[in-house]
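Student: This is a predicted model, with the sequence first.
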Amino acid sequence: MNTEPHGYAVQPYDKPVKRYCQTLDLRDNPELIAEYRKRHSHEHVWPEILEGIRSVGILEMELYLLGTRLFMIVETPIDFDWNEAMGRLATLPRQQEWEDYMAIFQLVQPGATSAQKWQPMERIFQLYK
């Protein structure tokens, strides 16, 4: 297990951003989870997927894993429209192919888009208010 006990650096921006936090569960299979990790490494993630994520306006995307639970943080410009961006993302080359491939590892319905798989989380506490 590769953990960072001192925290993770955060990308600074010269403008205000907003954050989306979402969750998804993986299949409870150590071999599949290991392969999922591998497929999200810089060496193995499909370049078209990274380009597509950036092209719809996403500034930063991070995935965290605990057991079978995935947690995703997405940072975007303040005027970002999630539904519009996810609609555009779903039409990009290889995106649905990637989603179908990832569904092997995830507890999701076959053929689901990214927006259908990832469930938004409710923020229930904020320190700075």
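Tutor: Looks like it arrived, so ask away. As the structure is a computational prediction, the values presented were derived from the model and not from experiment. Residues are numbered from 1 along each chain as shown.

Student: Q126 versus H44, what's the distance?
Tutor: Using CB to CB, to the nearest Å, one obtains 35 Å as the distance from H44 to Q126. Where you see a C-beta, it was placed from the backbone N, CA and C, and this is true even at glycine.

Student: out of those two, which sits in the busier spot?
Tutor: H44 (10 against 6; other CB atoms under 10 Å).

Student: Report the secondary structure element holding the more buried one.
Tutor: When elements are assigned from DSSP states H and E, H44 belongs to no helix and no strand.

Student: ok, the spatially most central residue of the chain - contacts?
Tutor: Centroid-nearest residue in the chain, with CA atoms, centre = their mean: M72, separated by 4.6 Å. Residues near M72 by CB atoms under 8 Å, 6 or more residues apart in numbering: 20-24, 61-64, 118.

Student: from those residues, which is closest to F105?
Tutor: Checking the contacts of M72 against F105 with CB to CB, the nearest one is L24 at 9.9 Å.
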